[in-house]
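# Pasting the sequence and the predicted model now:
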Amino acid sequence: MTLVADALQTDLAKVLEISDDRQTALVRAGVGWAPGVVGQKRLSLDDKSSETFAIASGTPMVTPDIATETRFVFADFMLEHGVVALVNVPIYLPGGEAYGVLEVDATKARDFPHGDVQFLRTYACTLGPVIDRLNQINKLARSNERFRLVVENAKDFAILTISSPTGSQGLRRSLVGASMR
């Protein structure tokens, strides 16, 4: 996030992750925010949110001065940090599923030129596959841990996996007790 904030000469930047219920977005990563924001604050993803607009339209949303912006409502924690201008760029995972938003916030009114917005779009296009890969790695690690625990605690059991001879029934799994006493 520091790279993004430095490149656009702003003090604040963040990545918002859409929640499973798609009603809010968590500040997943960020730079310049006070303690208690990153990993804890959520923004509402209702129709008065510039973040929702960016995600729904699939295009960047630039707000040069929130004092003159009438379409959107901004989160209290952003106003408390002195956010005056911002640009939101949607982040998509491979396959087109929306992950969230890359957002850069400025404490002074300013326009974000086309080159800045294109930089953010490129960065967001890079983030999507990286986030997807990290999610896959984490999911595999959790699966491996569950399997390790099952194997460690299955001292008197055998786990059999048998495929159907016709292949039509897929895989059957059986847990067979093995009294070894």
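That came in fine, so what should we check first?
# pretty sure Lys108 contacts Val83?
No - look at Lys108 against Val83 with Cβ atoms under 8 Å: they stay out of range, at 10.0 Å. Quick note: C-beta positions are derived from backbone N, CA and C, even for glycine.
# where in the chain is pLDDT low?
Applying pLDDT under 70 to the chain flags the ranges 155-181.
# Can you show me the strands along it?
In the chain, the segments counted as strands under DSSP state E are 12-18, 24-31, 42-44, 61-63, 85-92, 98-106, 157-163, 171-177.
# out of these, which comes closest to Cys125?
Closest approach to Cys125 among the strands of the chain (Cβ to Cβ): strand 85-92, 7.8 Å.
# Contacts for that closest one, please.
15, 50-51, 53-55, 58-66, 78, 98-106, 108-112, 116-117, 120-121, 123-125, 127-128, 131 (Cβ atoms under 8 Å, 6 or more residues apart in numbering).
# Quick one, which of these are buried?
Burial by neighbour count, 16 or more other Cβ atoms under 10 Å: within the contacts of strand 85-92 this picks out 15, 50-51, 53-55, 60-64, 66, 78, 98-106, 110, 112, 116-117, 120-121, 123-124, 127-128, 131.
# quick revisit: okay, the strands of the chain in TSV with distance to Thr2 next?
Shown next, in TSV, are those (distance: least, Cβ to Cβ, whole Å):
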stretch	distance to Thr2
strand 12-18	8
strand 24-31	5
strand 42-44	21
strand 61-63	22
strand 85-92	17
strand 98-106	12
strand 157-163	47
strand 171-177	47
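# quick one, helices of the chain?
2-7, 50-57, 76-80, 114-153 (DSSP state H).
# how near is Leu93 to Ala141?
From Leu93 across to Ala141, the span is 19 Å (Cβ to Cβ, to the nearest Å).
# How about the contacts made by Asp11?
5, 32, 105-107 are the contacts of Asp11 under Cβ under 8 Å, 6+ apart.
# Which pair of those spans the longest distance?
Farthest pair in these, by Cβ to Cβ: Ala5 and Thr107, 11.5 Å.
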